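K.L.:
Okay, here's the prediction I keep looking at, along with the sequence it came from:
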Amino acid sequence: MQKLLILIFSLHLATLANAQADKIIGTWLTEDKETQVEIYKSNNLYFGKITWFKQPNDPKTNKPWLDNKNPDPKKRTQPQLGSTMLWNFKFNDDEYIDGKVYDSRDGKTYTGKLWLTDNNTLKMRGYVGIFYSTETWSRVK
């Protein structure tokens, strides 16, 4: 009986931990209010893809924004809408760590960390060595 109670308690704790980790899932408006990113879970890791631009077309071409600064020349003709910009984040102690952040503005990939300050506010930090930049994103309701 005692083993059964321990098993039930352990399963309950695991369920609570998953519920806490999954609070990040949803659509987020970036700090500059120009882009929305949908964060989702796959294989126990968290990813983010671009789902909306305030200005959907490049004013120079009047066509959808392309990933023209991507270091891979084959990807420079791909649209940014629908592209993955956050990948492989692991939940650990109220933070999402060890992930990567791709910034199409400069074509660079950074080590990243995410965390919620409340249910509707997400901090996204990208690192280059000891230097970092942090943005505050808001949940889209």
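P.N.:
Yep, that arrived. Numbering: from 1, shown residues only.
K.L.:
from the chain's centre, how far out does stretch 52-69 sit?
P.N.:
21 Å (CA atoms, centre = their mean, to the nearest Å).
K.L.:
List the buried residues in that stretch.
P.N.:
Buried residues in stretch 52-69, counted by 16 or more other CB atoms under 10 Å: 65-67. The C-beta positions use only the backbone N, C-alpha and C, and glycine is treated the same way.
K.L.:
which other residues reach that stretch?
P.N.:
27, 33-36, 75-81, 83, 104-107 (CB atoms under 8 Å, 6 or more residues apart in numbering).
K.L.:
now with 6 Å?
P.N.:
Identification of contacts with stretch 52-69 by CB atoms under 6 Å, 6 or more residues apart in numbering yields 34-36, 75-76, 78-81, 104, 107.
K.L.:
again, but for stretch 21-37
P.N.:
The contact list for stretch 21-37, computed with CB under 6 Å, 6+ apart, reads 38-39, 41, 48, 50-54, 91, 122, 135-140.
K.L.:
if we go to 8 Å?
P.N.:
38-41, 46, 48-55, 85-86, 91, 96, 114, 116, 119, 122, 135-140.
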